[in-house]
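**Q** Build me a model from this:
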Amino acid sequence: MPARKTQPSIIEERITVPLPNQQMAQLIRLYPAQTPGRAVFLLHGLMDDANTFFDHHNRSGLAYVLAREGYDVYLGELRLRRVHPKLLKNQDFSLKQVLNEDLPALVRAMHKRAQPQPAIWMGQGLGCLLLSSYLARHPEDLERILGMVHFSPLRELQAAGRLKHLWINWLHERGLKFLSNLLGYVPAVNLKVGRCNEGRQYYQDALNWLKSPWVDDEGFDYHAAIQQLNWPPSLYFASLAHAWRASDADARAFMFDLGEHNGRLIKLGRHVGNQRNYKATQLCLEQAAEDDYYPLILEWLVELARTAPVADEPSRSARARDQ
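**A** Reported below is the predicted structural model:
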C-alpha cells in the first residue's frame, strides 16, 4: 500500500487593514509553515466575501490548495462584510471608495508581507472587474504581477435570451434594487442570493457599471486606459452550469475588453469533460475540482514561473518607489 502524502501545516492569519473614517478591510493570509513562496492575491465578488475561495472548517478550497503547494495566499475582503444590517444601512460606501481606499490598502498590506517576486492575482465575479479597474488607475502595479486568473468574470452583461433578461431585470434591477432602497441595504443572505449583505450605494454602483460605459463620475475612461496596458498572461474560467446565463459569453467579452494579450478562456461543465456542472459561486470551493481543473491552474502557474524574467523581481522603478 503506497504511503499517504504528508500534508504541510498551513498557518492562517487574519490582518485588519485600516481605512479612512474608522472603517476597515481584512486580509486573510494562508501560508505553509515552512518558508512561503510566491504571493497569490484573491478578491471576491459582489454580495460575497473571502469564503468564495476557501472553507475554513474543512480547510479546503482553492486557497488551501495553493497554500499546500507552497504559495503565500492573501484573500482580500472589502469593508462591511458580515456586519449587522443596522450598521450596514448607515454605512453606504461607493464603488469609488472601494477602488480608491479598500483595494490600495489591501494591496499595500500584502506587499509589506509578501516576497518581492511578482505575484499572481485572482478574482471572482465582480472582483475581476475591480482588480482590472484598480490596475487601470495604478498601472505601475502590473510590474509586480506575473499572471492573473479570473473566475466567472464580467463587465457588461451579454444578451442571452429571455431567462437572462428576466434574471437581470426582475431580480437585480427591480427586486433587489427596490429592497435596497426600502431597507437601506441588500438582504442577500436572507434571500439566499449571496454570502454577505451588501451596501446600497455599492450595489447600485456595480449594477450601473454592468450596463453602462466603463467610465466613472469624474470622467476617467477605464476601458480606454485598460486598452493601453500590457496585461500579463491570464486564464478566464466560465461556468456552464446555467446555460441561460451565458457566463462564457460574459467571460469572453471581459477578456476582449482588456485588449490584445495572452488570454485563454476555459469553459467548465460536464458536457465539456469536467466531473460536474460547477456553479459560478462554487468554482473555487468544490472538492471535485481538486482532481478536475485545479491541476490545470497549478501546472499553468509552474509554467509561468519557469518563463518569468531573469531575477524574477520587480523592476528598478518599482523598487525605487518602495524606498
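**Q** Only C-alpha atoms from now on, for both contacts and neighbour counts.
**A** Will do.
**Q** Stretch 132-144: which residues count as buried?
**A** By 16 or more other C-alpha atoms under 10 Å, the buried positions in stretch 132-144 come out as 132-136, 139, 142-144.
**Q** So which of those is the closest to residue 12?
**A** residue 144 (23.8 Å; C-alpha to C-alpha).
**Q** what about the closest one, distance to residue 287?
**A** Applying C-alpha to C-alpha, to the nearest Å, the value for residue 144 to residue 287 is 31 Å.
**Q** Return the member of the buried residues of stretch 132-144 nearest to residue 76.
**A** For the buried residues of stretch 132-144, the nearest to residue 76 is residue 134 (13.6 Å; C-alpha to C-alpha).
**Q** beta partners for residue 121?
**A** In this structure, residue 121 bridges to residue 41, residue 148 when assessed by DSSP bridges.
**Q** That one is in contact with residue 147, isn't it?
**A** Yes. In this structure, residue 121 is within contact of residue 147 by C-alpha atoms under 8 Å, at 6.6 Å.
**Q** quick revisit: okay, and which of the buried residues of stretch 132-144 map to helices?
**A** Judged by DSSP state H, helices contain the following of these: 132-136.
**Q** ok, those residues vs residue 35, which is closest?
**A** residue 135 (28.7 Å).
**Q** which ones are touching the closest one?
**A** 141-142 (C-alpha atoms under 8 Å, 6 or more residues apart in numbering).
**Q** let's go with 6 Å and repeat that
**A** Contacts for residue 135 (C-alpha atoms under 6 Å, 6 or more residues apart in numbering) come out as none.
**Q** Got the confidence number for it?
**A** For residue 135, the pLDDT comes out at 97.
**Q** before we move on, the earlier item: let's have the buried residues of stretch 132-144 in CSV, adding distance to residue 17.
**A** What follows is the buried residues of stretch 132-144, written out as CSV (distance: C-alpha to C-alpha, whole Å):
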residue, distance to residue 17
132, 21
133, 21
134, 17
135, 20
136, 23
139, 22
142, 22
143, 23
144, 21
